[in-house]
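Have a look; sequence and predicted model below, questions after that.
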Amino acid sequence: MQGFHWRIPDRLNMARQACFDWQDQPARVAIIDLSAGDRRDVSYGALARMTRALACALRDSGVAPGDRVGVLRAQDPWCAAAHLAIWTLGAISLPLFKLFGPDALGVRLTDSGARHVVTDPEGAPLLDGITALVPEWLTLTDAAIAPADTGPEDPAVLIYTSGTTGAPKGALHGHRLLTGHLPGVEISHDRLGQPGDVLWTPADWAWIGGLFDVLMPGLALGVPVVAARLPKFTPEAARAVLVAGQVRNVFFPPTALKMLKAADMALPGLRSVASGGEPLGAEMLDWGRRAFGLTINEFYGQTECNMIASSAGSLFPPRPGCIGKPVPGHDLAVLGPAGPLGPGVEGDIAVRRGSASMLLRYWNRPEATAEKFRGDWMLTGDRGLWDDGGYLRFVGREDDVITSAGYRIGPSEIEDCLIRHPAVALAAVIGVPDSERTERIRAHVVLKPGAQVTEADLQAHIRTRLSAHLVPREVRFETDLPMTVTGKIIRKDLKRRALEENP
């Protein structure tokens, strides 16, 4: 992997890359559609026809290059065709989540200036004042239209952040975005693209994890992608999809893995399991080896610059608490005030300009774009350090790190220890104001159904396995935890509650 450099052509369009470049194999399966219940295989030829027809319908509705067009659909072939059709026109696709309420939809549509949305019959009534195109209602013909002559820096997709650190911001990406994801996706699935590979994720295609960690890389690599609608993730539903779609490669968000672990659900027959969004601990990795017969490969990134670090059993095995090594093409650093730091020193995780998956800019937020960079380095907002093996160890989000009695404490290690307890299903650890310690550690815990455990039991569990200074001063038992729609625990909501209790 030494000497890697991006081979990005001067002219690049993601619709061609993910669909039209496969037209010499029109019968090849692109999408295994389970969204309507029964299995239906959609070929690249069929996907291209859907894409061209929808692109013509959008063009006839007034969509021009540079326009923002929303896609409000769940996992199904028309969702894929909608993004491809928008890119075919040189317009900018705006992924929208089907479970968004009117306020969340309104913020994104208003901020982006989108005037058209491709949706389904359920989504159309939610789009007051917006031109809704429902492919099921259109007369679609096999029209002739060629992808726009775009370049890698031309805007292609506007993805709003999930809002874990503030109001959602629109990350504007160019047509090089898909190319930028391919090395990390291939690595995290142990060289994805082997004979028989079939890819699926329960993550919605409205988020970068579903759209660019799974759907578009799978299409670009010729790996069939399963489309399945899970109104609510359950271990049983996931197993059914894996069987029906003959899935061999899966991206499970950490929350899905925790639910599978809580149900002690074994899922044999997989070739690779990848996860990203928050670090997994030793307990989860050990469970994964028992449940899947393989090692879960972690990857790291964010909406602004994704798939920049990864682990892979066949290349560099995962290490608990680490988020892998830099993916080829992405130059990572741990920064201090004077620049990059050496092993063992905590600092700001950053990635140098030049990564193909890096955003062009924030939409209508020049000040936020400027704040995101320190010279040539894009700041992730996470804290970390290099270990002596070249792995990047994750400490926590900059605003999640706890300062207590002179120690700087990342919550992930404590959370991982808590979920090792047989009674614990979910855990979130935060720092709350304390007059003596600056902050004291508080754990919020969701127990498994029927489980019973005391605060003292959990404190002893951590004391004997980690260290006395990492023991939460208090443990609160919850029925659920605040989470983003992508399954990340929103620690800032727990912190806000703590401040409201003790202003």
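Noted; the coordinates are in hand. Computed from a predicted structure; not experimentally measured.

List the contacts of residue 376.
352, 353 (C-beta atoms under 8 Å, 6 or more residues apart in numbering). Using the backbone N, CA and C atoms, a C-beta is placed for each residue, glycine as well.

Tell me which stretches of the stretch 301-450 of the chain form helices.
366-372, 411-420 (DSSP state H, counting those that start in this stretch).

Quick one: residues contacting the residue nearest the centre of the chain.
Nearest residue to the geometric centre of the chain (C-alpha atoms, centre = their mean): residue 209, 2.9 Å. Counting by C-beta under 8 Å, 6+ apart, residue 209 touches 201, 203, 251, 253, 276, 277, 486.

Nearest to residue 234 among the helices of the stretch 301-450 of the chain would be which one?
Evaluated with C-beta to C-beta, these place helix 411-420 nearest to residue 234, the distance being 18.7 Å.

Show me what the closest one packs onto, helices and strands only.
For helix 411-420, the helices and strands in contact under the criterion 3 or more C-beta pairs under 8 Å, 6 or more residues apart in numbering; DSSP states H and E are helix 282-292, strand 392-397, strand 424-434, strand 438-447, helix 455-465.

Dump the ones you listed into TSV; add mean pLDDT, mean neighbour count and distance to residue 89 as well.
Formatted as TSV, the helices and strands packed on helix 411-420 follow (pLDDT from 0 to 100; neighbours: other C-beta atoms under 10 Å; distance: least, C-beta to C-beta, whole Å):
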stretch	mean pLDDT	mean neighbour count	distance to residue 89
helix 282-292	91	18	41
strand 392-397	83	22	37
strand 424-434	91	21	43
strand 438-447	92	21	46
helix 455-465	92	15	55
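
closest one to residue 350 among these?
Of all those, it is strand 392-397 that lies closest to residue 350, at 11.0 Å by C-beta to C-beta.

Need the CA coordinates for that closest one. PDB is fine.
The C-alpha coordinates for strand 392-397 follow below in PDB (Å, rounded to 0.1, in the frame of the first residue of the first chain):
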ATOM      1  CA  LEU A 392      -4.900   5.200  15.900                       C
ATOM      2  CA  ARG A 393      -6.400   4.900  19.400                       C
ATOM      3  CA  PHE A 394      -9.700   6.800  19.900                       C
ATOM      4  CA  VAL A 395     -10.100   8.700  23.100                       C
ATOM      5  CA  GLY A 396     -13.400  10.400  22.500                       C
ATOM      6  CA  ARG A 397     -15.100  13.400  20.900                       C
END
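
Can you pull out the residues in contact with it?
164-165, 279, 300, 309, 321-326, 332, 334, 346, 349, 381-387, 401, 408, 410-412, 491.

Now the closest residue to residue 389 other than its chain neighbours. Its backbone dihedrals?
Spatial nearest neighbour of residue 389, chain neighbours left out: residue 319 (7.4 Å); criterion: C-beta to C-beta, 6 or more residues apart in numbering. For residue 319, the backbone dihedrals (degrees, to the nearest 10) come out as phi -120, psi 130.

Residue 319 - how many residues pack around it?
Number of residues near residue 319 (other C-beta atoms under 10 Å) recorded here: 18.

Look up how far residue 295 lies from it.
Taken as C-beta to C-beta, to the nearest Å, the spacing of residue 319 relative to residue 295 amounts to 11 Å.

now swap in residue 466 and tell me
23 Å.

out of those two, which sits in the more crowded spot?
In this view residue 466 and residue 295 are compared by other C-beta under 10 Å, and residue 295 has more residues nearby, 19 against 14.

about what we covered before: mean pLDDT added to the helices of the stretch 301-450 of the chain, as CSV?
Shown next, in CSV, are those (pLDDT from 0 to 100):
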stretch, mean pLDDT
helix 366-372, 96
helix 411-420, 85
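
Which one of those helices lies nearest to residue 94?
helix 366-372 (18.0 Å).

and that closest one, what other elements does it pack with?
So helix 366-372, by 3+ C-beta pairs under 8 Å, 6+ apart, packs with strand 361-362.

give me the number of residues near residue 110?
Residue 110 has 9 neighbouring residues, counting by other C-beta under 10 Å.

Can you tell me the element it falls in?
Residue 110 belongs to helix 102-112 when assigned by DSSP states H and E.

how about the nearest residue to residue 131, chain neighbours excluded?
residue 116 (4.7 Å).

what's the answer for residue 18, then?
Nearest one to residue 18, counting by C-beta to C-beta, 6+ apart, is residue 219 at 4.1 Å.

do residue 241 as well
residue 228 (4.6 Å).

in this structure, which segments are predicted with low confidence?
In the predicted model of the chain, residues 1-3, 162-167, 313-314, 405-408, 485-486, 503 satisfy pLDDT under 70.

Select the longest helix from it.
The residue-count maximum for a helix in the chain (DSSP state H) belongs to helix 44-60.

So what touches that helix?
Helix 44-60 has contacts (C-beta under 8 Å, 6+ apart) with 15, 19-20, 22-23, 25-31, 69, 77-78, 80-82, 84-86, 88-89, 91, 116, 118, 133, 135, 138, 140-145, 219.

Buried residues, that helix. List them.
44-59 (16 or more other C-beta atoms under 10 Å).

between those, which is closest to residue 105?
Using C-beta to C-beta, those come closest to residue 105 at residue 58, 19.4 Å.

ok, that closest one to residue 488 distance?
With distances taken as C-beta to C-beta, residue 58 is found 33 Å from residue 488.

again with residue 415
From residue 415 over to residue 488 the distance is 12 Å, taken as C-beta to C-beta.

Neighbour count for those two, which is higher?
residue 415 (24 against 17).

and residue 219, what does it touch?
18, 19, 22, 30, 31, 47, 80, 225.

what's downstream of the helix or strand encompassing it, the next helix or strand?
Assigned by DSSP H and E, residue 219 belongs to helix 216-221. Next helix or strand after helix 216-221 toward the C-terminus (DSSP H and E): strand 225-227.

ok, and what's touching that following strand?
For strand 225-227, using C-beta under 8 Å, 6+ apart, the contacting residues are 30-35, 75-77, 79-80, 198-200, 214-215, 218-219, 241, 245, 247.

Name whatever forms a beta bridge with residue 96.
Listed by DSSP bridges, the beta-bridge partners for residue 96 are residue 72.

ok, it touching residue 74?
No: contact status for residue 96 versus residue 74: not in contact, 10.7 Å apart, counting by C-beta atoms under 8 Å.

more neighbours, those two?
Ranked by neighbour count (other C-beta under 10 Å), residue 96 and residue 74 place residue 96 first, with 25 against 21.
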